[in-house]
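Peer 1: my questions concern the predicted model and sequence given below.
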Amino acid sequence: MALGATIYKASLDISDLDRGYYGTHTLTIARHPSETERRMMVRLLAFCLYAGEHVEFGRGLSAEGEPALSETNEAGDIGRWIEVGNPDNKSLRRAAGRSEDVVVLAYDEAKTDAWWASNKGDFGKIGKLTVRAVSDEDAEKLESLASRHMHLTATIQDGVVWIADESRNLELSVKTLLNRGEQVF
């Protein structure tokens, strides 16, 4: 018998001073049996960074060819395709063909460093692509907030993210490696 997804509930207040976005979201997050809590929390961080009225989680790891998160435009098409981890070049090119913007939020420094080194030239040719990375230390801090029922507050200013629960306030940095096809690092 196959294991089902583990359901997490999150109440999330976002104040993104960089984008001028302020919102409260009640989220249901399905964690696939093969997904770690760390990856799930990085998906939640991606939601914080790109939150908007039409941003939603994808169907998960088992849904090949779908983004981890997406933002639809007025016509119902995917405006922003958001991936988490280290997707291959072919997947990102396909995503660029199906959306207006593509964002990758990478984590796991050892894998990300090798992935970035071997793909950055090809990634630079995808003009719609933005690649950002979370350090192992920050991903670990973020994972420590995971619980089945979360009440979180996220504040984003000058590229720094502060995420707090009832007892902790964490400061996270998200490094931009590529911004819409232009290499930053």
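Peer 2: Ah, there it is. Numbering: from 1, shown residues only.
Peer 1: got a list of what the residue positioned nearest the centre of the chain touches?
Peer 2: Note on the chain: the residue nearest the mean C-alpha position is residue 46, at 2.7 Å, using Cα atoms, centre = their mean. Residues near residue 46 by Cβ atoms under 8 Å, 6 or more residues apart in numbering: 68, 69, 82, 84, 103, 105. Using the backbone N, CA and C atoms, a C-beta is placed for each residue, glycine as well.
Peer 1: how near is it to residue 184?
Peer 2: Distance of residue 46 to residue 184, computed by Cβ to Cβ, to the nearest Å: 18 Å.
Peer 1: try residue 3
Peer 2: For residue 3, the distance to residue 184 - Cβ to Cβ - is 40 Å.
Peer 1: with residue 132 instead?
Peer 2: 9 Å.
Peer 1: residue 98 and residue 72 touch, don't they?
Peer 2: No. Using Cβ atoms under 8 Å, residue 98 is not in contact with residue 72, being 11.8 Å away.
Peer 1: ok so, going back, need the three-state assignment for the residue nearest to the centre of the chain.
Peer 2: helix (DSSP: H, G, I helix; E, B strand; the rest coil).
Peer 1: of the contacts of residue 46, which is the nearest to residue 147?
Peer 2: residue 84 (19.6 Å; Cβ to Cβ).
Peer 1: what's that closest one sitting at in phi/psi?
Peer 2: Reported as degrees, to the nearest 10, the phi and psi values for residue 84 are phi -120, psi 130.
Peer 1: report the contact partners of it.
Peer 2: 39, 42, 43, 46, 68, 69, 104, 105, 106, 107.
Peer 1: perfect, I'm done here.
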